[in-house]
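Participant: I need the structure of the sequence given here:
(one chain, ligands or ions: 2)
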Amino acid sequence: MASLAQSKLPIINIENLKPGSKSWILACHKVRHTLEEYGCFMVVSDGLSQDFKNEVYENVKTLFDLPTETKMKNTSDKPLHGYLGPFRTRPLYESMGIEHATSVEDVVSFANLMWPSGNHQFSKTIHSYASLVSKLEKLVRKMVFESYGVEKYDESFDESMAYLLKLNKYRPRKSDDETNVGAMIHTDKNFLTILSQNQMNGLEVQIKDGEWMSVDFSPSSFVVMATDAFMAWSNGRIKSPSHRVLMNAEEDRYSIALFSFKKGIIETPEELVDDQHPLKFKPFDHYKFLEFYAKNLRYLDERALMLYCGIIN
Ligand SMILES: O=C(O)CCC(=O)C(=O)O
Ligand SMILES: [Fe+2]
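Facilitator: Ligands and ions are numbered 1, 2, ... in the order given. Take a look at the predicted model:
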(Lines give C-alpha, C1' and ligand atoms only; values in the text may rest on other atoms or scores of the structure.)
(Ligands and ions follow the chains in the order given, each with its own letter.)
Protein backbone atom coordinates (compact mmCIF):
# COMPACT_ATOMS: atom_id res chain seq x y z
CA MET A 1 0.00 0.00 0.00
CA ALA A 2 1.23 3.50 -0.77
CA SER A 3 2.58 5.29 2.28
CA LEU A 4 1.22 8.51 3.70
CA ALA A 5 3.73 11.33 3.35
CA GLN A 6 4.35 13.47 6.39
CA SER A 7 5.71 16.40 4.40
CA LYS A 8 3.64 19.55 3.99
CA LEU A 9 2.21 21.11 0.90
CA PRO A 10 4.30 24.03 -0.37
CA ILE A 11 3.08 27.38 0.97
CA ILE A 12 3.36 30.29 -1.46
CA ASN A 13 2.81 33.92 -0.63
CA ILE A 14 0.82 35.49 -3.46
CA GLU A 15 -0.89 38.39 -1.69
CA ASN A 16 0.32 42.00 -1.52
CA LEU A 17 2.74 41.65 -4.45
CA LYS A 18 3.02 44.44 -6.98
CA PRO A 19 2.41 43.10 -10.50
CA GLY A 20 5.58 43.52 -12.55
CA SER A 21 7.88 43.69 -9.50
CA LYS A 22 10.71 41.21 -9.09
CA SER A 23 8.96 39.41 -6.22
CA TRP A 24 5.77 39.20 -8.32
CA ILE A 25 7.64 37.60 -11.25
CA LEU A 26 9.38 35.13 -8.95
CA ALA A 27 6.08 34.23 -7.30
CA CYS A 28 4.42 33.72 -10.73
CA HIS A 29 7.10 31.18 -11.66
CA LYS A 30 6.87 29.49 -8.29
CA VAL A 31 3.08 29.12 -8.58
CA ARG A 32 3.39 27.65 -12.07
CA HIS A 33 6.25 25.25 -11.20
CA THR A 34 4.45 24.08 -8.06
CA LEU A 35 1.26 23.42 -10.02
CA GLU A 36 3.34 21.50 -12.58
CA GLU A 37 4.97 19.39 -9.91
CA TYR A 38 2.27 18.95 -7.26
CA GLY A 39 -0.92 20.30 -8.83
CA CYS A 40 -1.66 22.16 -5.61
CA PHE A 41 -0.24 24.45 -2.95
CA MET A 42 -1.29 26.34 0.14
CA VAL A 43 -1.88 30.06 0.48
CA VAL A 44 -2.15 31.87 3.79
CA SER A 45 -4.55 34.74 3.27
CA ASP A 46 -4.92 37.98 5.24
CA GLY A 47 -8.61 37.96 4.29
CA LEU A 48 -9.38 34.72 6.15
CA SER A 49 -9.18 35.84 9.78
CA GLN A 50 -10.18 33.36 12.46
CA ASP A 51 -13.32 35.38 13.29
CA PHE A 52 -14.45 35.56 9.69
CA LYS A 53 -13.76 31.87 9.16
CA ASN A 54 -15.77 30.96 12.29
CA GLU A 55 -18.67 33.06 11.03
CA VAL A 56 -18.54 31.41 7.59
CA TYR A 57 -18.50 27.90 9.03
CA GLU A 58 -21.28 28.64 11.54
CA ASN A 59 -23.46 29.65 8.61
CA VAL A 60 -22.48 26.54 6.66
CA LYS A 61 -23.46 24.39 9.64
CA THR A 62 -26.82 26.17 9.93
CA LEU A 63 -27.47 25.35 6.28
CA PHE A 64 -26.70 21.65 6.62
CA ASP A 65 -28.85 21.50 9.78
CA LEU A 66 -31.93 22.27 7.66
CA PRO A 67 -34.32 19.37 6.93
CA THR A 68 -33.39 17.20 3.94
CA GLU A 69 -36.62 18.20 2.08
CA THR A 70 -35.52 21.84 2.27
CA LYS A 71 -31.97 21.12 1.13
CA MET A 72 -33.35 19.10 -1.79
CA LYS A 73 -35.00 22.25 -3.13
CA ASN A 74 -31.56 23.31 -4.30
CA THR A 75 -31.56 21.91 -7.82
CA SER A 76 -29.73 22.99 -10.95
CA ASP A 77 -29.84 22.34 -14.68
CA LYS A 78 -26.09 21.80 -14.49
CA PRO A 79 -24.81 18.44 -13.29
CA LEU A 80 -23.41 18.15 -9.74
CA HIS A 81 -24.31 21.79 -8.97
CA GLY A 82 -27.30 21.28 -6.64
CA TYR A 83 -27.80 19.39 -3.38
CA LEU A 84 -26.15 15.97 -3.23
CA GLY A 85 -27.29 13.82 -0.33
CA PRO A 86 -25.48 10.87 1.21
CA PHE A 87 -25.75 7.62 -0.71
CA ARG A 88 -24.71 4.01 -0.36
CA THR A 89 -21.14 4.32 -1.63
CA ARG A 90 -20.44 7.50 0.33
CA PRO A 91 -22.75 7.64 3.33
CA LEU A 92 -20.78 10.31 5.20
CA TYR A 93 -20.97 13.02 2.56
CA GLU A 94 -23.45 15.77 1.68
CA SER A 95 -22.90 18.78 -0.51
CA MET A 96 -24.63 21.98 -1.53
CA GLY A 97 -23.78 24.05 -4.57
CA ILE A 98 -24.42 27.78 -4.68
CA GLU A 99 -24.26 28.93 -8.28
CA HIS A 100 -22.83 32.34 -9.16
CA ALA A 101 -21.87 32.83 -5.54
CA THR A 102 -20.00 36.03 -6.39
CA SER A 103 -23.32 37.68 -7.27
CA VAL A 104 -25.14 39.00 -4.22
CA GLU A 105 -28.55 38.53 -5.91
CA ASP A 106 -27.84 34.86 -6.57
CA VAL A 107 -26.74 34.21 -2.98
CA VAL A 108 -29.84 36.02 -1.66
CA SER A 109 -32.14 33.97 -3.89
CA PHE A 110 -30.41 30.78 -2.70
CA ALA A 111 -30.98 31.89 0.91
CA ASN A 112 -34.62 32.70 0.16
CA LEU A 113 -35.08 29.19 -1.19
CA MET A 114 -33.62 27.66 1.98
CA TRP A 115 -35.25 30.03 4.51
CA PRO A 116 -38.70 31.34 3.48
CA SER A 117 -38.08 34.67 5.21
CA GLY A 118 -34.51 34.90 3.94
CA ASN A 119 -31.29 34.83 5.93
CA HIS A 120 -29.43 38.09 5.72
CA GLN A 121 -26.52 36.92 7.88
CA PHE A 122 -25.97 33.86 5.70
CA SER A 123 -26.16 35.81 2.43
CA LYS A 124 -23.82 38.53 3.62
CA THR A 125 -21.18 36.15 5.00
CA ILE A 126 -21.26 33.64 2.16
CA HIS A 127 -21.18 36.33 -0.50
CA SER A 128 -18.17 38.01 1.19
CA TYR A 129 -16.41 34.67 1.36
CA ALA A 130 -17.07 33.89 -2.33
CA SER A 131 -15.85 37.36 -3.33
CA LEU A 132 -12.64 36.97 -1.35
CA VAL A 133 -11.91 33.54 -2.76
CA SER A 134 -12.79 34.45 -6.34
CA LYS A 135 -10.15 37.19 -6.13
CA LEU A 136 -7.61 34.53 -5.22
CA GLU A 137 -8.76 32.40 -8.15
CA LYS A 138 -8.24 35.32 -10.53
CA LEU A 139 -4.85 36.04 -9.04
CA VAL A 140 -3.56 32.49 -9.35
CA ARG A 141 -4.81 32.24 -12.93
CA LYS A 142 -3.16 35.55 -13.85
CA MET A 143 0.12 34.42 -12.29
CA VAL A 144 0.16 31.13 -14.20
CA PHE A 145 -0.77 32.77 -17.50
CA GLU A 146 1.96 35.36 -17.00
CA SER A 147 4.55 32.75 -16.17
CA TYR A 148 3.78 30.98 -19.45
CA GLY A 149 3.90 34.33 -21.29
CA VAL A 150 0.28 34.00 -22.44
CA GLU A 151 -1.35 36.66 -20.24
CA LYS A 152 -3.23 38.00 -23.27
CA TYR A 153 -5.68 35.07 -22.91
CA ASP A 154 -6.48 35.80 -19.27
CA GLU A 155 -9.02 38.55 -19.99
CA SER A 156 -11.28 36.19 -21.91
CA PHE A 157 -11.23 33.88 -18.89
CA ASP A 158 -12.02 36.74 -16.51
CA GLU A 159 -15.02 37.68 -18.63
CA SER A 160 -16.42 34.18 -18.87
CA MET A 161 -15.78 32.64 -15.47
CA ALA A 162 -18.70 31.30 -13.43
CA TYR A 163 -18.14 30.56 -9.75
CA LEU A 164 -19.80 27.66 -8.00
CA LEU A 165 -19.41 27.59 -4.23
CA LYS A 166 -19.57 23.99 -3.10
CA LEU A 167 -20.20 23.48 0.59
CA ASN A 168 -19.30 20.01 1.83
CA LYS A 169 -20.19 18.20 5.03
CA TYR A 170 -18.68 14.91 6.18
CA ARG A 171 -20.12 13.29 9.28
CA PRO A 172 -18.02 10.94 11.43
CA ARG A 173 -18.42 7.20 11.06
CA LYS A 174 -21.13 5.63 13.21
CA SER A 175 -19.15 2.42 13.74
CA ASP A 176 -15.89 0.78 12.69
CA ASP A 177 -17.84 -1.23 10.11
CA GLU A 178 -18.75 1.89 8.19
CA THR A 179 -16.41 3.13 5.45
CA ASN A 180 -14.18 6.08 6.32
CA VAL A 181 -14.22 7.33 2.73
CA GLY A 182 -15.71 10.81 2.71
CA ALA A 183 -14.91 11.57 -0.92
CA MET A 184 -13.63 8.93 -3.31
CA ILE A 185 -10.37 9.35 -5.23
CA HIS A 186 -11.02 11.85 -8.00
CA THR A 187 -9.63 14.78 -9.93
CA ASP A 188 -11.61 18.02 -10.22
CA LYS A 189 -13.40 18.94 -13.46
CA ASN A 190 -13.74 22.70 -13.04
CA PHE A 191 -10.82 25.07 -13.87
CA LEU A 192 -9.34 26.00 -10.49
CA THR A 193 -10.40 24.92 -7.02
CA ILE A 194 -9.79 26.98 -3.89
CA LEU A 195 -10.51 25.05 -0.72
CA SER A 196 -10.82 25.76 2.97
CA GLN A 197 -12.04 23.63 5.86
CA ASN A 198 -13.15 23.98 9.46
CA GLN A 199 -10.58 22.69 11.94
CA MET A 200 -11.04 19.02 10.95
CA ASN A 201 -8.45 17.50 8.63
CA GLY A 202 -9.25 14.72 6.17
CA LEU A 203 -8.12 15.81 2.72
CA GLU A 204 -5.38 13.70 1.14
CA VAL A 205 -3.59 14.45 -2.11
CA GLN A 206 -1.58 12.07 -4.26
CA ILE A 207 1.66 13.84 -4.99
CA LYS A 208 4.16 11.61 -6.76
CA ASP A 209 4.66 7.94 -7.42
CA GLY A 210 1.39 7.02 -5.79
CA GLU A 211 2.38 8.69 -2.52
CA TRP A 212 -0.51 10.20 -0.52
CA MET A 213 -0.04 13.35 1.53
CA SER A 214 -2.50 14.30 4.23
CA VAL A 215 -3.15 18.01 4.10
CA ASP A 216 -2.77 19.83 7.38
CA PHE A 217 -4.47 23.17 6.74
CA SER A 218 -2.73 25.87 8.70
CA PRO A 219 -4.96 28.63 10.15
CA SER A 220 -6.17 31.20 7.60
CA SER A 221 -5.08 28.97 4.75
CA PHE A 222 -6.56 27.89 1.47
CA VAL A 223 -5.50 25.03 -0.75
CA VAL A 224 -5.28 25.97 -4.42
CA MET A 225 -5.79 22.95 -6.64
CA ALA A 226 -5.49 22.50 -10.38
CA THR A 227 -7.94 20.37 -12.35
CA ASP A 228 -8.30 18.30 -15.50
CA ALA A 229 -9.48 21.36 -17.45
CA PHE A 230 -6.45 23.41 -16.37
CA MET A 231 -4.21 20.47 -17.27
CA ALA A 232 -5.77 20.35 -20.76
CA TRP A 233 -5.40 24.13 -21.20
CA SER A 234 -1.68 23.86 -20.30
CA ASN A 235 -1.18 21.02 -22.83
CA GLY A 236 -0.55 18.57 -20.03
CA ARG A 237 2.07 20.65 -18.18
CA ILE A 238 -0.02 21.36 -15.10
CA LYS A 239 -0.84 18.39 -12.92
CA SER A 240 -4.41 17.57 -11.93
CA PRO A 241 -3.84 15.86 -8.60
CA SER A 242 -5.89 12.90 -7.46
CA HIS A 243 -7.34 13.54 -4.03
CA ARG A 244 -9.80 12.05 -1.56
CA VAL A 245 -11.25 12.69 1.87
CA LEU A 246 -10.88 10.11 4.63
CA MET A 247 -12.92 10.74 7.75
CA ASN A 248 -11.13 9.75 10.87
CA ALA A 249 -12.31 12.83 12.77
CA GLU A 250 -14.80 12.43 15.60
CA GLU A 251 -16.69 15.59 14.74
CA ASP A 252 -18.31 16.82 11.54
CA ARG A 253 -15.89 18.08 8.94
CA TYR A 254 -16.97 20.96 6.74
CA SER A 255 -15.13 22.26 3.71
CA ILE A 256 -15.85 24.88 1.09
CA ALA A 257 -14.58 24.60 -2.46
CA LEU A 258 -14.79 27.50 -4.85
CA PHE A 259 -14.98 25.99 -8.34
CA SER A 260 -14.43 28.18 -11.38
CA PHE A 261 -15.96 27.14 -14.70
CA LYS A 262 -15.38 28.74 -18.08
CA LYS A 263 -18.59 29.46 -19.92
CA GLY A 264 -17.67 28.28 -23.41
CA ILE A 265 -14.64 26.69 -24.97
CA ILE A 266 -11.33 25.91 -23.30
CA GLU A 267 -8.46 25.63 -25.74
CA THR A 268 -4.72 25.28 -25.38
CA PRO A 269 -2.88 28.49 -26.39
CA GLU A 270 -0.87 27.94 -29.57
CA GLU A 271 2.20 29.23 -27.68
CA LEU A 272 2.12 26.07 -25.55
CA VAL A 273 2.19 23.73 -28.56
CA ASP A 274 5.33 22.89 -30.56
CA ASP A 275 7.19 19.87 -31.98
CA GLN A 276 8.33 18.81 -28.53
CA HIS A 277 4.87 19.42 -27.06
CA PRO A 278 2.27 18.28 -29.60
CA LEU A 279 -1.34 19.17 -28.82
CA LYS A 280 -2.73 16.73 -26.25
CA PHE A 281 -6.38 17.82 -25.98
CA LYS A 282 -8.88 19.10 -28.50
CA PRO A 283 -10.71 22.35 -27.61
CA PHE A 284 -13.76 21.50 -25.52
CA ASP A 285 -16.86 23.14 -24.09
CA HIS A 286 -16.37 23.17 -20.34
CA TYR A 287 -19.98 22.52 -19.27
CA LYS A 288 -20.43 19.85 -21.97
CA PHE A 289 -17.38 18.10 -20.54
CA LEU A 290 -19.00 18.28 -17.09
CA GLU A 291 -22.15 16.67 -18.54
CA PHE A 292 -20.04 13.90 -20.08
CA TYR A 293 -18.31 13.35 -16.75
CA ALA A 294 -21.59 13.24 -14.82
CA LYS A 295 -22.89 10.55 -17.20
CA ASN A 296 -19.68 8.52 -16.85
CA LEU A 297 -19.01 8.81 -13.15
CA ARG A 298 -17.01 5.60 -13.08
CA TYR A 299 -14.19 7.67 -14.58
CA LEU A 300 -13.58 9.85 -11.57
CA ASP A 301 -9.99 10.62 -12.58
CA GLU A 302 -8.46 12.20 -15.68
CA ARG A 303 -9.63 9.32 -17.89
CA ALA A 304 -12.89 11.27 -18.29
CA LEU A 305 -11.00 14.09 -20.00
CA MET A 306 -8.86 11.71 -22.08
CA LEU A 307 -12.01 10.00 -23.33
CA TYR A 308 -13.78 13.29 -23.97
CA CYS A 309 -11.13 15.25 -25.82
CA GLY A 310 -7.73 13.53 -25.52
CA ILE A 311 -5.56 13.26 -28.62
CA ILE A 312 -3.57 10.05 -29.00
CA ASN A 313 -0.28 11.07 -30.63
O1 LIG B 1 -13.48 18.43 1.34
C2 LIG B 1 -12.40 18.54 0.79
O3 LIG B 1 -11.39 18.87 1.39
C4 LIG B 1 -12.27 18.22 -0.68
C5 LIG B 1 -13.54 18.35 -1.46
C6 LIG B 1 -13.36 17.97 -2.89
O7 LIG B 1 -12.42 17.32 -3.27
C8 LIG B 1 -14.35 18.42 -3.88
O9 LIG B 1 -15.37 19.02 -3.51
O10 LIG B 1 -14.10 18.18 -5.09
FE1 LIG C 1 -12.17 17.53 -5.39
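
Participant: where exactly do the helices run in the stretch 151-300 of the chain?
Facilitator: All helices of the stretch 151-300 of the chain, identified by DSSP state H, counting those that start in this stretch, fall at 154-160, 228-233, 286-295.

Participant: Gln121 falls within a helix, correct?
Facilitator: Yes. Read with DSSP: H, G, I helix; E, B strand; the rest coil, Gln121 is one of the residues of a helix.

Participant: still on that earlier bit, want to try CSV for the helices of the stretch 151-300 of the chain, with mean pLDDT and mean neighbour count as columns?
Facilitator: Bear in mind the C-beta positions are built from the backbone N, C-alpha and C, glycine included. Listed next are the helices of the stretch 151-300 of the chain as CSV, based on pLDDT from 0 to 100; neighbours: other CB atoms under 10 Å:
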stretch, mean pLDDT, mean neighbour count
helix 154-160, 96, 13
helix 228-233, 98, 26
helix 286-295, 97, 17
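
Participant: can you put those helices in JSON lines and add distance to ligand 1?
Facilitator: Converted to JSON lines, those look like this (distance: least, CB to the nearest ligand atom, whole Å):
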{"stretch": "helix 154-160", "distance to ligand 1": "20"}
{"stretch": "helix 228-233", "distance to ligand 1": "12"}
{"stretch": "helix 286-295", "distance to ligand 1": "12"}
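
Participant: Same list, those, but as TSV with distance to Met143 please.
Facilitator: Output for those, formatted as TSV (distance: least, CB to CB, whole Å):
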stretch	distance to Met143
helix 154-160	10
helix 228-233	13
helix 286-295	21
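
Participant: Show me what from this structure comes close to ligand 1.
Facilitator: Within reach of ligand 1 by CB under 6 Å from any ligand atom, the chain has these residues: 166, 168, 183, 188, 195, 197, 203, 243, 245, 255, 257.

Participant: among these, which are in strands?
Facilitator: Residues of the residues of the chain next to ligand 1 located in strands (DSSP state E): 166, 168, 183, 195, 197, 203, 243, 245, 255, 257.

Participant: Return the residues in contact with the last one.
Facilitator: I take that to be Ala257. Applying CB atoms under 8 Å, 6 or more residues apart in numbering to Ala257 gives the contacts 165-166, 168, 193-195.

Participant: redo that, cut-off 6 Å
Facilitator: Shown in contact with Ala257 (CB atoms under 6 Å, 6 or more residues apart in numbering): 166, 193, 195.

Participant: If we ignore the residues flanking it in sequence, what's nearest it?
Facilitator: Of all residues not flanking Ala257 in the chain, Lys166 sits nearest, at 4.5 Å (CB to CB, 6 or more residues apart in numbering).

Participant: Run through the bridge partners of that neighbour.
Facilitator: For Lys166, the beta-bridge partners are Gly97, Ala257 (DSSP bridges).

Participant: In ChimeraX, select just the buried ones from the contacts of Ala257.
Facilitator: This is the ChimeraX syntax for the buried subset of the contacts of Ala257, where burial follows 16 or more other CB atoms under 10 Å:
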select :166,193,195
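
Participant: Tabulate the contacts of Ala257 (TSV), appending pLDDT.
Facilitator: What follows is the contacts of Ala257, written out as TSV (pLDDT from 0 to 100):
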residue	pLDDT
Lys166	98
Thr193	98
Leu195	98
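
Participant: can you redo the contacts of Ala257 as JSON lines with distance to Ile207?
Facilitator: Below are these laid out as JSON lines (distance: CB to CB, whole Å):
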{"residue": "Lys166", "distance to Ile207": "23"}
{"residue": "Thr193", "distance to Ile207": "16"}
{"residue": "Leu195", "distance to Ile207": "16"}
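
Participant: Report all helices and strands that the helix or strand hosting Val56 contacts.
Facilitator: Element membership for Val56, per DSSP states H and E: helix 50-64. Counting contacts by 3 or more CB pairs under 6 Å, 6 or more residues apart in numbering; DSSP states H and E, helix 50-64 packs against helix 120-147.

Participant: How about His120: what's its closest non-neighbour residue?
Facilitator: Ala111 (7.9 Å).

Participant: got the contact list for the helix or strand just after the helix holding Val56?
Facilitator: Downstream of helix 50-64, the next assigned helix or strand under DSSP H and E is helix 68-71. Residues outside helix 68-71 that contact it (CB under 6 Å, 6+ apart): Tyr83.

Participant: That concludes my questions; thank you for your assistance.
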